[in-house]
Each structure stands twice: as structure tokens, then as C-alpha cells.
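K.L.:
Here is my input, please return the structure:
(chains A and B)
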2 protein chains.
Amino acid sequence: MKRNVLLVGAGGVAHVAAHKLAQNNDLFGNIYIASRSLDACSDILDSIERKNNYKDPANKIAAKRIDALNVHETIKLIKDLGISIVINLASAFCNMSILEACIETGAAYIDTAIHEDPDKVCENPPWYENYEWKRKDRCKEKSVTAILGAGFDPGVVNAYVAYAKKHFFDTIDTIDIMDVNAGSHGKYFATNFDPEINFREFKKVWTWIDRQWVEKAVHAEKQVYDFPVVGKQPVYLTGHDELHSLSKNIDANSIRFWMGFGDHYINVFNVLKNIGLLSEKPVKTSEGLEVIPLKVLKACLPDPKTLAPNYTGNTCIGDLIVGTKDGRKKELFIYNVCDHKSCYEEVESQAISYTAGVPAVAAAILVARGDWDTKTMVNVEELDPDPFIDLLNNIGLPTETIKKSYSKKRAPRTKNK
Amino acid sequence: MKRNVLLVGAGGVAHVAAHKLAQNNDLFGNIYIASRSLDACSDILDSIERKNNYKDPANKIAAKRIDALNVHETIKLIKDLGISIVINLASAFCNMSILEACIETGAAYIDTAIHEDPDKVCENPPWYENYEWKRKDRCKEKSVTAILGAGFDPGVVNAYVAYAKKHFFDTIDTIDIMDVNAGSHGKYFATNFDPEINFREFKKVWTWIDRQWVEKAVHAEKQVYDFPVVGKQPVYLTGHDELHSLSKNIDANSIRFWMGFGDHYINVFNVLKNIGLLSEKPVKTSEGLEVIPLKVLKACLPDPKTLAPNYTGNTCIGDLIVGTKDGRKKELFIYNVCDHKSCYEEVESQAISYTAGVPAVAAAILVARGDWDTKTMVNVEELDPDPFIDLLNNIGLPTETIKKSYSKKRAPRTKNK
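P.N.:
Alright, predicted model coming up:
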């Protein structure tokens, strides 16, 4: 049975997912895109037409208006349209409302980022326990499939861990997830996705070391890592969603996330942070207007969607895993390299949105096909990685693996700044 | 006759002026301070009491509420209180309204900064011609004394030019006004006066070279100047109010303004500027709220008034003048050095506010006394500088003069960045 899909959101990642749904629309029934703005939906549908990306030209995507924070409205839309799979690529503030609508209607739920409460930042770990996992029992009870964090990171990098465990390791000691964007957008400064969500990631760093949560300062630990294709890049220890499920689901001593930042980014970030412009707490202007500095900063920065046309270079995101196989130490780097320019040629987007949007559609295909129709709530590392990685190899995100010669140092060299 | 004074404004400069009015309250009749916020007025009055700064303890300053953009309200206040001198230290957006109220009532008008239109930045020179000077004829016709730009710069630096012309030079070739704050407030970043007005100064640079207006980029020309007391400091060619009257009133080839900025200031400034956070043009948040980035930045930055308690170091502001006397080349640096800590001990303020606020009160004393009661509109360089400089020597801003051995290079060395 072909299943009807509702894509919620019309930002950069939803743009990519809509293109991928169109390219695979023979695998689904009716496909809808819904957001607060019909204009934003229409822009995406125009882009699909421009790139001639419908596989079955008879099965067009239709646009709907939705307030995704309104559970009743979302339930009604799911019911009216006969939706069986919801791909949530709306703002992370909407996760719990959309999930609730799925639980109430029985539709499968897929997202790519963890829920955020607008009033809280960098809550106590594990983050999933504060929100999504509280609905685990209800999903199970109602046989609702809910696949959390099915973008690239979280998402594919979680599958890489499951893949490593299944095929290459008996035990895992450390997992270092490495995420670098070595591309150039030609702007003075821009974030690659919603600045409001982006900067919230960088308030403090929660990392998993020796089976414990450790809190660190932002950008305090740096290393230069020699990536395939993009070469040596500075990366900083960073807090990130996937640590909060991997630390629970994977038997490993340390799990860390490293994100690449150039000196210019760090300088701009520090100025904005130190002045208070990254704050989600309102300030009052001398005219008495209450505003949230981060929202004003967002309004000043380029819309991530506008970066794509001139983006050049590649992203490289992967898992550096150290462990043992057959009693011998082993080190693997499992990764994907994605070219901004090719993404633009294919779907009029850049590689950051592309790497996040394609896996969400892969997950939807696997749910539709039955491989991942779990009838309960899971994070990606709990699923069989093979069909996911196979599918991604064929729809734009090929996986590569490098076997490293094992050296004495277990962890990458770190340097306190 | 002792003349009643109305001080409009309750910011950092008004704070100093109120203290100085109190210290010289035997020279005036009733003294009032008026602003949008009675609380701000009260804070200043409390500070005067704390420092025991009333010369005549019987003649206390009284607080009034005023909307200084409302001409009728201001006229009514001036009439009701029998005011004969208005010192305008409110936001520069209010100049023309307050001036109008003075012209209508016949009260003398004194300010320290040029009028600003909220919707325009760095208009075509000379700036005074766009606003204040359009009222010159009416001031003359109604015998209204209006003294424009009677702070330190503009103000005392204009008097230094008149002083040099009167006593030391037959001809003047170049005037380089040098303004450096070599103090430290211990904060990550702060402006020394209203950030909204402060940053508007730095959109582009209008400078007077070879008897013509020349437009330059901001922070594009730098020199390191060896100041008395504070030593070698980097200063940048900057646009500033006083060039716009000196270029008209003084017979000199080139008149420039140089402001001191450290590398940290320049870095922060460039980040804020490049991102658009110094813009006075509204942006719209994704929630649809229209806000002016500069006003939000202002709300995030420390209130200049709060910097005083921990400020250390000195300001040095002066005129480097090159010309001839008795047929021989001559070079003088006429300047004042002001110590932040002493200012705080005397009036609970820092040197930036102190150097701007004290001259405005000196001008008020000269108007009250008759020396400067011009019955028309003037800029400070058109007045006899001697009583002003004498008075300032006695009330906290002593003038020093260094005779430089004349070197071949007329202009300070400049370096394009």
C-alpha cells in the first residue's frame, strides 16, 4: 500500500525533503507540504517544477497551511488528508505538538532534531528524556512508529554507529562524530540553518566521557583533524543531540561531537555572544519595546535558504570509531562527503540542508516499505542500519569508510585554548 | 539678575551638568532638570546630595517631566518656570524641537551635539545647514541667544581654534582635532555615550581637506599619535560635528577629526556593522515584529552611566594646529587631559560625560554673566574663547599647550589600512 505523506515545514531542510519526496513519489500515495506560510510552500513547489524533479509527474505535492503548534489543527489535517507518515521538518519548538498529533491519529512520526522549549537552553542531559522519550510508552501502547533524529547528525551518524557495531567491531571504546562544512557561501557571516536554533546549540557543551556527562565551556577544546577530501580543519568539542541517545543505547566509554569552525566564525560568534546578542531572553529598548536579541540577529543574518546559489566546496560528516574486533584494536572513519554545488544543481539547495533533508525522506521510504515500521518510538541507532545506508547510497548520500592504522593515542589530540 | 535654568535630559552628560550647575548654583536663579523619566532625574539629584555638591544648599534643583519632542509642552514648561536659559542635553533627535521652544519663548539655547533625524545618517555636509542654521535668521530677528555645540568636541575644541587664532597664529594651515579615551571600563564592550548616537557617527567619514568636503570610508585612515600623558595611541580619521562649522567659520586649508580606537573596539565594531546590527533601518523578525537593530544593540550594551565607578585612566582631547606666526611656521597642540577616577570622585561620572557636560554649564554661566549673551545663533569658534577657557580652567577642565618643533610634514602620517 502506498502511504500518504505530510511534510511539515518549509525551511531549507524541508525544501530538500520535498525535492526527494518528488523524486521518489512513486513510493508514496498523496504527498503534502504544510507550513505557516503558503508562500514558502509554493516557492518549494516551484523549485521542484523548475528542476523537473517529479518522478511520477501525475503525483504532485500539494501545499497546506498549518500552525504546527496547534495540536487540534494538526490532528484535523492528518485525518482530513488520510496521512500515514508525518515528516516533521518544522522549527524544533514544534516537535512535541506534532508528535502528539501523530500519537492521537496513529500516523508515523519522523523528525531530524530534538525538541526545544523556547524558554530553556541546553537543559540537563539526556535531552530526549526531557521531552520525546516521555511519549515512548504511549507510542508503544498505540503502536505508533516514531523515528527520532533522522537527519544527518543526528541520524546518519547514529546509523554509522549501528553499522560499525553490526559489521566491524566487537567492542567500542570511543566515538567521535566529526562535522565540518568546508564550503564557502561568500557572505560575511551566515548560519547554515535557522540561526535561532543554531546558536542555542552553543550555550554550553554537554559531552559523554568515561560513561558520564561532563559539562564544558563552548569552543574551549579544539583539534585540527585531517578529513578526507576537505583536508585539515579546526574542529571544536560541541554539544549535540545524538550524544543524548547514543550514550543510552550504545555501549561505549566516550562519545563526543566535534564541529568545524574557522577563526572568522569564532571571532564573530564571540563578539555576538559577549555582547548578549545570542540571548533568547528579552531585553527592553529605551522606547519600551520587549525584544529577543537572538530573533533580531536572525532577522539581520542572511536567510540560510538564500546561501545555496553561490555555495562552493564540500561538507564532510562522519564517525571516528575506536574499538576492538577479534581481540585487536581497530579504528575506522565512516563518513559522507557532500558537494554544495552538486546539491544546488540537483535540488537548488546547499549541502547542509541536503544532508539533513535526504535522510528524513530515506527514513520515510523505509517506514513506507516496512523495514523501519517499528510501531514504537526509536532513535536511529536502534534500527537496522543496512537498508538505510544502502538507500542513502542510491539517493545522494554515499557512505565511505577509511580504516585507520591504530595508534596508541585513543582520543584525537585535544588542545585547551 | 540671576537667570533661571532648565536642563533638559537625564543621561550621562546631563548628570555631570546637573552636578556643575549645583556647584555653581549661586550664579543662577531656580534650576530645573527635566526628562521623559522622573526616576532618571531623581537618580541625578540623589547623586548631587550624596556628593554634597550644592554650593548654596538652599537653591536645590527640582525635577520635571518633559517630552522634549513636544514643542508646545516645552514652551509651556519654559513659560511656567520663567526659564531664561535652556541647556539641551537630551537625545540629539530633540534639538530642533527644543530650539523651536526657545525661539518661541526667547530663552537662551545651549546644546552639545548636532541635530539628528532618526531616519537619516551622515547627511551631506555641512550638517548644521540641514537643521540648526536654518533657524539662524529667526534667532537674530528675535534676539535669541543660541550657542551650538558647547560640549568638549564640538565645543572646547572649537574654542581652542579661536584661542589659537586670537593669540598664537596669523594664518592656519591645518587643524587636526585628536580625541582619545585611554581609559578602561573593564567591560567587554561599551560605548561612552548613547550607543544609538555614537554608532551613527561611524557610517561614513566627511572630512575637510584643501577647502573641500571629502568622503572617506570609516576607519580607513589610521595614525599612531603620541599624546601627552596617555602616550602613543592609534587614532582613525572620523567624521564629526565640529568640522561642519569650523570649515565655514575658520580660514584653514584642512580640518580633520581623529578618534582613538583600540584593535578590540575596531573588531567588535566591524562585526556589528557587517552583520547589520548598527543599522537604524527596521528589520522584521520571523514573528513579524518590526525592530531597529541599533536600538536592540543599545539595549544589550551597558548603560554608559553604569561605567563610571570602575573607570580608570585618562582622556586626552585637543587641537593640533599648524600655521604661521610673524612669517614663521608654527605647530601647537592645545589640549585637556581628564582623569576618569577623579571625575567619579567629584560627580560620580566618567571623563567622557564630564568633558561634555562641564563646558555646557560653563557656556550657561557665560550667558548668564553676559559674556556670551549673543542674541543670535553662533557656534563656539565665533565667540571670544578667553572667558570660556579661563572658566574651564577653574571648574575642572584645565587647558594645556605644547609647542611642537615644526617638522616638514604638515599632516600627521597616515596609513591606509
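
K.L.:
Would you mind naming what in the stretch 101-250 of chain A lies close to chain B?
P.N.:
A:188-189, A:196 (C-beta under 8 Å from any C-beta of the partner chain). (Each C-beta comes from the backbone N, C-alpha and C, glycine too.)

K.L.:
would TSV of the residues you listed with neighbour count be doable?
P.N.:
Below are these laid out as TSV (neighbours: other C-beta atoms under 10 Å in any protein chain shown):
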residue	neighbour count
A:Y188	15
A:F189	19
A:E196	23
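
K.L.:
any chance of those in JSON lines, plus pLDDT and distance to A:P309?
P.N.:
As requested, those are arranged in JSON lines below (pLDDT from 0 to 100; distance: C-beta to C-beta, whole Å):
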{"residue": "A:Y188", "pLDDT": "94", "distance to A:P309": "17"}
{"residue": "A:F189", "pLDDT": "94", "distance to A:P309": "18"}
{"residue": "A:E196", "pLDDT": "81", "distance to A:P309": "23"}
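
K.L.:
what's the spacing between the residue sitting nearest the centre point of chain A and chain B?
P.N.:
Geometric centre of chain A, nearest residue: A:G151, 3.8 Å, by C-alpha atoms, centre = their mean. Distance from A:G151 to chain B, counting by C-beta to the nearest C-beta, to the nearest Å: 21 Å.

K.L.:
Around the nearest residue to that residue once chain neighbours are set aside, count how many other residues there are.
P.N.:
Nearest non-adjacent residue to A:G151, counting by C-beta to C-beta, 6 or more residues apart in numbering or on different chains: A:T112, 3.1 Å away. A:T112 has 28 neighbouring residues, counting by other C-beta atoms under 10 Å in any protein chain shown.

K.L.:
Over to A:E100?
P.N.:
Neighbour count for A:E100, taken as other C-beta under 10 Å: 17.

K.L.:
For it, give me the pLDDT.
P.N.:
pLDDT recorded at A:E100 is 98.

K.L.:
Tell me which helix or strand in chain A has the weakest average pLDDT.
P.N.:
strand A:415-416 (a mean of 43; mean pLDDT, DSSP states H and E).

K.L.:
got the domain boundaries for chain A?
P.N.:
A:3-152+A:347-394, A:156-345+A:399-416 (automatic domain parsing).

K.L.:
Does the nearest residue to A:G82 once chain neighbours are set aside lie in a helix or a strand, and which?
P.N.:
Leaving aside its sequence neighbours, A:G82 sits nearest to A:N4 (C-beta to C-beta, 6+ apart; 5.3 Å). Secondary structure assigned from DSSP states H and E places A:N4 in strand A:3-8.

K.L.:
What is the burial count for A:D56?
P.N.:
Residues near A:D56, counting by other C-beta under 10 Å: 12.

K.L.:
now do A:D170
P.N.:
Counted with other C-beta under 10 Å, A:D170 comes out at 12.

K.L.:
ok, now A:V230?
P.N.:
For A:V230, the neighbour count with other C-beta under 10 Å is 18.

K.L.:
wait, what's in contact with the closest residue to chain B within the stretch 101-250 of chain A?
P.N.:
The nearest approach of the stretch 101-250 of chain A to chain B comes at A:Y188, 4.4 Å away (C-beta to the nearest C-beta). By C-beta atoms under 8 Å, 6 or more residues apart in numbering or on different chains, the contact list for A:Y188 reads B:274-275.

K.L.:
repeat for the one 3 residues further on
P.N.:
Residues near A:T191 by C-beta under 8 Å, 6+ apart: A:198-199, A:301, A:304.

K.L.:
ok, of these, which one's closest to B:A217?
P.N.:
A:L301 (23.2 Å; C-beta to C-beta).

K.L.:
That closest one contacts A:P195, doesn't it?
P.N.:
Yes. Contact criterion C-beta atoms under 8 Å: A:L301 and A:P195 qualify, at 5.2 Å.

K.L.:
A:L69: what's it in contact with?
P.N.:
A:93-94, A:97.

K.L.:
Can you say which of those residues are buried?
P.N.:
Neighbour counting over those (16 or more other C-beta atoms under 10 Å in any protein chain shown) leaves A:94, A:97 as the buried ones.

K.L.:
and the contacts of A:L69, which of them are in helices?
P.N.:
Of the contacts of A:L69, the ones assigned to helices by DSSP state H are A:S97.

K.L.:
Out of the contacts of A:L69, flag the one nearest to chain B.
P.N.:
For the contacts of A:L69, with chain B as the reference and C-beta to the nearest C-beta as the criterion, the closest is A:F93, at 11.4 Å.

K.L.:
Return the distance of that closest one relative to A:D67.
P.N.:
Noted for A:F93: a distance of 12 Å to A:D67, by C-beta to C-beta, to the nearest Å.

K.L.:
right, and the pair among the contacts of A:T191 with maximum separation?
P.N.:
A:F199 and A:P304, at 12.7 Å, using C-beta to C-beta across the contacts of A:T191.

K.L.:
Get me the contact residues on the stretch 301-417 of chain A for chain B.
P.N.:
A:L301.

K.L.:
how about the helices of chain A, start to end?
P.N.:
A:12-23, A:38-50, A:71-81, A:95-105, A:127-130, A:136-141, A:156-167, A:195-200, A:243-249, A:263-275, A:293-300, A:340-347, A:351-369, A:385-394.

K.L.:
How much space separates the nearest residue to A:R200 once chain neighbours are set aside from A:L278?
P.N.:
Excluding its sequence neighbours, the residue lying closest to A:R200 (C-beta to C-beta, 6+ apart) is A:V121, at 5.3 Å. Relative to A:L278, A:V121 is positioned 10 Å away (C-beta to C-beta).

K.L.:
So for the two, which residue has more residues nearby?
P.N.:
Using other C-beta under 10 Å as the criterion, A:V121 and A:L278 rank with A:L278 on top: 21 against 18.

K.L.:
which residues does A:G155 bridge with?
P.N.:
Note on A:G155: beta-bridge partners A:G151, judged by DSSP bridges.

K.L.:
Does it touch A:T112 like I think?
P.N.:
Yes. The pair A:G155 / A:T112 is scored as a contact, 6.2 Å apart, by C-beta under 8 Å.

K.L.:
Can you check which residues contact both of those two?
P.N.:
Residues touching both A:G155 and A:T112 (C-beta under 8 Å, 6+ apart): A:149, A:356, A:359-360.

K.L.:
Thank you kindly, that will do.
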